[in-house]
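1. need a structure here:
(chains A and B)
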Amino acid sequence: MNLLSKISMAVALVAMAACTNNSALDDANSVNLGGAAGAGSTADPRSPAYFQQAVGDRVLFEVDQSTLNDAARATLQAQATWLLENTDFAATIEGHADEQGTREYNLALGARRANAAREFLVSRGVAGTRLKVVSYGKERPIEICSEEACYTNNRRAVTVLAGGLTG
Amino acid sequence: MMKFLVSLFLGLSLMATQASAQNQPLRIEITEGVIEPLPFAVPNFVPDSGAASELAADLARVVAADLSGTGLFREVPASAYISQVTGFDDPIKFADWKAINAQALVTGAVNVQGNRVTVRFRVWDVFSDKEIEPGMQFSGTKDGWRRMAHKVADAVYSRITGEGGYFDSRVVYVSESGPKNQRRKRLAIMDYDGHNVQYLTDSSAIVLAPRFSPTGDRVLYTSYESGFPRIHVLDVGQVKRRVLESAEGTMSFAPRFSPDGKTVVYSLSQGGNTDLYTMDIASGQARRLTSTPSIETAPSYSPDGQQIVFESDRSGTPQLYAMSASGGDAKRISFGQGRYGTPVWSPRGDLIAFTKQNKGRFHIGVMRTDGSEERLLTASFLDEGPSWSPNGRVIMFTRETRGENGRSSLYTVDISGRNLRPVRTPDGGSDPAWSPLQN
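-> Residues are numbered from 1 along each chain as shown, chains lettered A, B, ... in the order given. Prediction:
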């Protein structure tokens, strides 16, 4: 949780910097942590920010599906590589669904998605004991329009690093 | 009177029929499913003292609101009255009520002694010049006056329709605030009409889908308090709660009580697979009911406790299935187009309410317990999660509006698909569960 709050703080700081320094720029609102030189700890490949931004912390799913497509497998492969190198970290994989569907079904669907991501990581050698899963169903959309453009980003499994195992 | 009872009963049932008796003093005309509401009058109750006069008026207003809210009754406004009721035991001037076509008349009296309130009432069949069953009285404390009004309205409803009422009941639901991507949820309980809201949890953790016990004393719900969805049981009176134990690495949700209140049926997710389980609440002993790679969720008991209806995507899409309460083979009961979920057995045992998703729209519907005679009652961007009124005549559900500013709120609709009404809550609301009638 400590690391997570540090990340949020880093994001907030970058956002503030963007507002104050680049307010005249068209893309001032689209802060790209991955590409921003000196953007806190993303420059450190062992940092959670690097994992989130450069490795990619999430994979997306088709409607009603929990099958991993090629893009998802590539991202998860990179996650597995990172996790195998950074053994201090555990992770919780959060499964999510879009709002099309009942609350109960979406909880079960989110569990399927999170588990699909977990199974892939385990198959690549990440210890199962490091990986928890949780489903949020449709409770935590990341985008809130009621269009496929949003739904596609809401049908996701997000690998959230949780505090260093060594403390 | 009997003819009236019978025609109203049919109007409430799935078969909308033409009321035949043209000469009956009380009747309800039904045309293509539209019932002509029965005109009634509820003059202010007669106060026994100046201290009771405000309460006497308020009680009559709540009784009238309850009856009008059913869509089966229409209030004749006080401005139309020819005579007033100034003494509870005075003779009724039937001619004056006939003249304004108030077919049913409810009269009442209120006695206030300190904090103690006693309400007496009578129901009159105006065109037959007589009382419908003897009068009754209820007593209670002043702050419970709305319940007394609901009890009067239940008695009136029951005497005129021949069915049990549903006004003296409560609803537990999820109160929602904040934007869609940061929605704050907390459990709330209120009277069926949205009054007397109390919060049962704070909004520090997501809470979902509360369900009443058969006697209304406990509520099951799902909370993320631990970081993972787990089933909690809450004692409503004492606001005491505990977690139903589940193994590390599992998620449990979608709980419902058995009709005897001793068992919970629920979904448990493990390794990505969601199946149905039961747990004996006292011992914590769990039992697995289904073992399939598909999703099994949203279970609901039949009122006799013998069967469970649930949702499964074993056929490829979510559909409804029924099986023995002890598990075993399940029989698919939904065969229409689209996806079906959240089946709930009616308290009368005759129908199953469900959520249906088809062609980008959501519906609340009802079907016979074998899946026949499916009827869709609502349609919107997102309707879900039906809950039955205690008498099995009305369904409360969640309606969420579309888009960035989408908001959840509670609605009721009766099982003929008529009388769609919002239930007023202080904030947004979702996942309503209707209690049984209170004692």
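2. Is chain B within reach of stretch A:98-111?
-> Yes: counting by Cβ under 8 Å from any Cβ of the partner chain, chain B has neighbours in stretch A:98-111: A:99-105, A:107-109, A:111. From N, CA and C alone the C-beta is placed, and that goes for glycine too.
3. Just give me the neighbour total for residue B:360.
-> Residue B:360: 7 surrounding residues under other Cβ atoms under 10 Å in any protein chain shown.
4. To clarify, my last question referred to residue B:287.
-> Close neighbours of residue B:287, defined as other Cβ under 10 Å, add up to 13.
5. now it, what's its secondary structure?
-> Secondary structure for residue B:287, judged by DSSP: H, G, I helix; E, B strand; the rest coil, is strand.
6. Quick check: residue A:99 touching residue A:147?
-> No: the criterion here is Cβ atoms under 8 Å, and residue A:99 misses it with residue A:147 at 10.8 Å.
7. Compare these two (neighbour count), which wins?
-> Higher neighbour count among residue A:99 and residue A:147: residue A:99, with 21 against 10, using other Cβ under 10 Å.
8. Please enumerate the strands of chain A.
-> Applying DSSP state E to chain A gives strands spanning A:58-60, A:89-96, A:131-137, A:156-164.
9. looking at this, residue B:143 is in a strand?
-> No: the assignment for residue B:143, made by three-state DSSP, is helix rather than a strand.
10. Tell me how far it lies from residue B:155.
-> Going from residue B:143 to residue B:155 by Cβ to Cβ, to the nearest Å gives 21 Å.
11. ok, these two, which is more surrounded?
-> Comparing residue B:143 with residue B:155 by other Cβ under 10 Å, the one with more neighbours is residue B:155, at 22 against 10.
12. tell me what the strand or helix carrying the more buried one is packed against?
-> Using DSSP states H and E, residue B:155 falls within helix B:145-161. Applying 3 or more Cβ pairs under 8 Å, 6 or more residues apart in numbering or on different chains; DSSP states H and E, we find helix B:145-161 packed against helix B:2-12, helix B:53-69, strand B:104-113, strand B:116-125, strand B:136-141, strand B:184-191.
13. Save these as TSV, and put in mean neighbour count and distance to residue B:75 too.
-> What follows is the helices and strands packed on helix B:145-161, written out as TSV (neighbours: other Cβ atoms under 10 Å in any protein chain shown; distance: least, Cβ to Cβ, whole Å):
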stretch	mean neighbour count	distance to residue B:75
helix B:2-12	18	17
helix B:53-69	20	5
strand B:104-113	22	10
strand B:116-125	20	14
strand B:136-141	14	21
strand B:184-191	22	20
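14. Out of those, which is closest to residue B:349?
-> Nearest to residue B:349, of all the helices and strands packed on helix B:145-161, is helix B:2-12, at 15.8 Å by Cβ to Cβ.
15. mean confidence for stretch B:270-283?
-> The predicted model assigns stretch B:270-283 a mean pLDDT of 96.
16. buried stuff in that stretch?
-> B:270, B:272-279, B:281 (16 or more other Cβ atoms under 10 Å in any protein chain shown).
17. measure the residue most central in space within chain B to chain A for me?
-> In chain B, the residue lying closest to the centroid (Cα atoms, centre = their mean) is residue B:389, at 2.6 Å. For residue B:389, the distance to chain A equals 21 Å [Cβ to the nearest Cβ, to the nearest Å].
18. same deal with residue B:121?
-> For residue B:121, the distance to chain A - Cβ to the nearest Cβ - is 41 Å.
19. And the pLDDT for residue B:111?
-> For residue B:111, the model assigns a pLDDT of 96.
20. What residues does it make contact with?
-> Residue B:111 makes contact with B:48, B:52, B:117-120, according to Cβ atoms under 8 Å, 6 or more residues apart in numbering or on different chains.
21. circling back: among the buried residues of stretch B:270-283, which pair sits farthest apart?
-> B:272 and B:281 (27.2 Å).
22. Contact residues of chain A facing chain B?
-> Counting by Cβ under 8 Å from any Cβ, the residues of chain A close to chain B are A:64, A:66, A:92, A:99-105, A:107-109, A:111-112, A:114-116, A:118-119, A:132-136, A:139-146.
23. Kindly give a single ChimeraX line that selects the buried subset of these.
-> To isolate the buried members of the residues of chain A next to chain B in ChimeraX, using 16+ other Cβ under 10 Å:
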select /A:64,66,92,99,100,101,102,103,104,105,107,108,109,111,112,114,115,116,118,119,132,133,134,135,136,139,140,141,144,146
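24. Could you list the alpha-carbon positions for stretch B:431-439 in CSV?
-> C-alpha atoms of stretch B:431-439 as CSV (Å, rounded to 0.1, in the frame of the first residue of the first chain):
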residue,chain,number,x,y,z
ASP,B,431,-30.1,-3.6,-5.2
PRO,B,432,-33.3,-3.3,-3.3
ALA,B,433,-34.6,-6.2,-1.2
TRP,B,434,-38.1,-6.0,0.1
SER,B,435,-38.8,-7.3,3.6
PRO,B,436,-41.7,-9.5,4.6
LEU,B,437,-44.7,-7.7,6.2
GLN,B,438,-43.7,-6.5,9.7
ASN,B,439,-45.5,-7.8,12.8
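25. so what's residue A:93 bridging to?
-> Beta-bridge partners for residue A:93, by DSSP bridges, are residue A:133, residue A:159.
26. what about it, distance to residue A:160?
-> From residue A:93 across to residue A:160, the span is 7 Å (Cβ to Cβ).
27. Pick out whichever of the two has more residues nearby.
-> Neighbour comparison, residue A:93 and residue A:160: the larger count goes to residue A:93, with 26 against 18 (by other Cβ under 10 Å).
28. tell me which helix or strand of chain A sits lowest on mean pLDDT?
-> The least trusted helix or strand in chain A, going by mean pLDDT, DSSP states H and E, turns out to be helix A:2-21, with a mean of 39.
29. Sounds good, over and out.
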